[in-house]
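>>> just a sequence and a predicted model for now, questions to come.
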Amino acid sequence: MTSEQKMKAEITYKVSKKLDLDETIQLYRDSTLGQRRPVDDRNCMAQMIKDADLIITAWHGDLLVGISRTLTDFCYVAYLADLAVHQSYQKKGIGVELMQQTRAQLGPNCMIVLLAAPAATAYYPRVGFSNHPQAWILHSGDKLG
């Protein structure tokens, strides 16, 4: 068994929203997702975790190495709000496994949608997602109407 296969076998996955806030923020920073999330706003990050409908985490021993944070109704649609894997653990199948674990918690007809970070636009088609050009965003400061 190669060292990469051994490490992959040592990763455990958990369904839980009981996370240490500092540990979670550090993972976001270590995955680069922290560049696009309010990691300096502890209250917001705490609420993001608390109010998520589904959180799957990946652990290497006691080290949090991945997270999938989803908002969902569990039957029709699930918005995969965050998929973050520690940079040192990327390209080892952890992201795909986090999404598979997420999917396993959803109803059989529930679709997963997401907005990809610019650096990840090539990743999602490789793992099975299809592009949907009709997505729209209204940022908090944008005028409506």
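Nice, thanks for sending it over.
>>> run the chain-centre distance for stretch 89-107.
Centre-to-centre, stretch 89-107 and its host chain are 9 Å apart (CA atoms, centre = their mean, to the nearest Å).
>>> ok, the most centrally placed residue in the chain - contacts?
The centre of the chain sits closest to Leu83, judged by CA atoms, centre = their mean, with a distance of 1.9 Å. Applying CB atoms under 8 Å, 6 or more residues apart in numbering to Leu83 gives the contacts Leu33, Ile67, Ser68, Arg69, Gly95, Leu98, Met99, Leu114. In this view, the C-beta of every residue, glycine as well, is placed from N, C-alpha and C.
>>> change it to 6 Å
Ser68, Gly95 (CB atoms under 6 Å, 6 or more residues apart in numbering).
>>> report pLDDT for it.
Per-residue pLDDT puts Leu83 at 96.
>>> ranges for the strands of the protein?
Ranges of strands in the chain, per DSSP state E, are 11-15, 54-60, 63-72, 77-85, 111-113.
>>> export these to a markdown table and tack on distance to Asp142?
Putting these into a markdown table (distance: least, CB to CB, whole Å) gives the following:
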| stretch | distance to Asp142 |
| --- | --- |
| strand 11-15 | 35 |
| strand 54-60 | 28 |
| strand 63-72 | 20 |
| strand 77-85 | 19 |
| strand 111-113 | 20 |
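>>> ok, now how distant is the residue nearest to the centre of the chain from Ser140?
22 Å (CB to CB, to the nearest Å).
>>> just Ile67 next, same as before
23 Å.
>>> and stretch 27-47, what's buried?
Buried residues in stretch 27-47, counting neighbours by 16 or more other CB atoms under 10 Å, are found at Leu27, Tyr28, Arg29, Asp30, Ser31, Thr32, Leu33, Gly34, Arg37, Val39, Met45.
>>> ok, and what's touching it?
Leu21, Ile25, Leu64, Ala84, Val85, His86, Gln87.
>>> which of those residues are buried, as a ChimeraX select command?
The ChimeraX selection below is limited to those of those classed as buried (16+ other CB under 10 Å):
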select :25,64,84,85,86
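>>> of the contacts of stretch 27-47, closest to Asp53?
Ranked by distance to Asp53 (CB to CB), the contacts of stretch 27-47 are led by Ala84 at 17.1 Å.
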